[in-house]
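**Q** Have a look at this fold, sequence not included:
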């Protein structure tokens, strides 16, 4: 399939340079990079976390901001340092 993508100039130049240095094509780099990204995202664990809110108007009052941050990263009370 042919498609058009918009890359930042610096990234495109870096990719072309690497392709030239390694004897690959830009297409090879894009395909392998996209495959690696798809695999990484599929392998990443899903986080099942919802911030408790009061009527949908922000965080519940009984949760301190630091506690909410720790919970969002899956840290327990002992992990917060």
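**A** Thanks, I have it. Predicted, not measured: the structure shown is a model, and the values here were computed from it. Numbering: from 1, shown residues only.

**Q** Could you give the number of residues near residue 43?
**A** Using other CB atoms under 10 Å, the number of residues around residue 43 comes to 7. Where C-beta positions appear, they are placed from N, C-alpha and C, glycine not excepted.

**Q** per-domain residue ranges of this structure.
**A** Per automatic domain parsing, the domain ranges recorded for the chain read 9-43, 47-81.

**Q** what helix or strand does residue 36 sit in?
**A** Counting by DSSP states H and E, the element that carries residue 36 is helix 26-43.

**Q** Show me what that helix is packed against.
**A** Taking 3 or more CB pairs under 8 Å, 6 or more residues apart in numbering; DSSP states H and E as contact, the helices and strands that helix 26-43 lies on are helix 9-22.

**Q** what distance separates the helix it packs on from the middle of the whole chain?
**A** Centroid separation for helix 9-22 versus its chain: 23 Å, with CA atoms, centre = their mean, to the nearest Å.

**Q** Quick one: list the elements packing against it.
**A** So helix 9-22, by 3+ CB pairs under 8 Å, 6+ apart, packs with helix 26-43.

**Q** Tell me which residues of the next helix or strand after the helix it packs on come out buried.
**A** Scanning the chain past helix 26-43 towards its C-terminal end, the next helix or strand to appear is helix 65-72 (assignment: DSSP H and E). Residues residue 70 are the ones in helix 65-72 that count as buried (16 or more other CB atoms under 10 Å).
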